[in-house]
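A.B. asks: Sequence first, predicted model second:
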Amino acid sequence: MIRPDYSPVEIAKQYEISGASAISVLTDENYFFGSLSHLRDVSRAVKIPVIRKDFILHESQIEEAYANGASAILLIVRILEKSRLEELYLYAKKLGLGVLVETHNQTEVETSLSFGMDVIGINTRDLDTFQIHSGLVQEMADLIPKDLVRVAESGVHSYQDLIQYEGVVDSVLVGTYFMKQSNIASAYETLTKPNS
């Protein structure tokens, strides 16, 4: 639990006003204290795309995402067999949802590319140890064609962290840094502008 007392809708509105191009909403209840109601409420409150962030293993979870207003879902390569990854990806696309495919190493990137996935995230946080692997994004981004959308995930806590990805990826997913701040708008300014 990073922020015990919070309003998903108010935080989402602050993200949107600050300039976020999309919002990921945790829906896992057991480990991350999220819920589908958060997804539904946020998707109704903002005009930018909303991603369901969860351990998605079954088509029913994709249907839930769709029914609760998600624009996209997260699929984590590490937790899915190759054939299952492809099935879930195609099912989400069939419903008109975007898919952020999360990778952490070269094999996972290559698997994503082999299925023609077009938005590939590189998570610097190892899901087994929760340690951040610096330099991983730069290493993995070189394997991903520049006509695809490359997303750096985790480990961004400062302007210096952010600018290292300039020209390397197309987008950065930032969660923990913002959730630890009392004033998200001010934190956004600090993160995106030097000496602010």
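C.D. replies: Received it, and whenever you're ready, just let me know what you need. Since the model is a prediction, treat every value here as computed from it, not as a measurement.
A.B. asks: Show me what the least confident helix or strand in the chain by mean pLDDT is packed up against.
C.D. replies: In the chain, no helix or strand scores lower on mean pLDDT, DSSP states H and E than helix 176-179, which sits at a mean of 87. When contacts are defined as 3 or more Cβ pairs under 8 Å, 6 or more residues apart in numbering; DSSP states H and E, helix 176-179 sits against helix 8-18, helix 184-192. Backbone N, C-alpha and C define where each C-beta goes, glycine included.
A.B. asks: Can you tell me which of those helices is nearest to residue 102?
C.D. replies: Between residue 102 and the helices and strands packed on helix 176-179, the tightest spacing by Cβ to Cβ is seen for helix 8-18, at 19.8 Å.
A.B. asks: what's the closest one in contact with?
C.D. replies: Residues from elsewhere that reach helix 8-18 (Cβ atoms under 8 Å, 6 or more residues apart in numbering): 23, 25, 38, 41-42, 45-48, 50, 178-179, 184-185, 188.
A.B. asks: Direction included, what does the helix or strand just after it pair up with?
C.D. replies: Per DSSP states H and E, helix 8-18 leads on to strand 23-26 as the next helix or strand towards the C-terminus. When pairs are called by DSSP bridges, strand 23-26 turns out to pair with strand 50-53 (parallel).
A.B. asks: So which bits of the next helix or strand after the strand it pairs with are buried?
C.D. replies: Next in sequence after strand 50-53, counting helices and strands by DSSP H and E, comes helix 59-67. For helix 59-67, burial by neighbour count (16 or more other Cβ atoms under 10 Å) applies to 61-62, 64-66.
A.B. asks: Since that was my last question, I'll sign off now.
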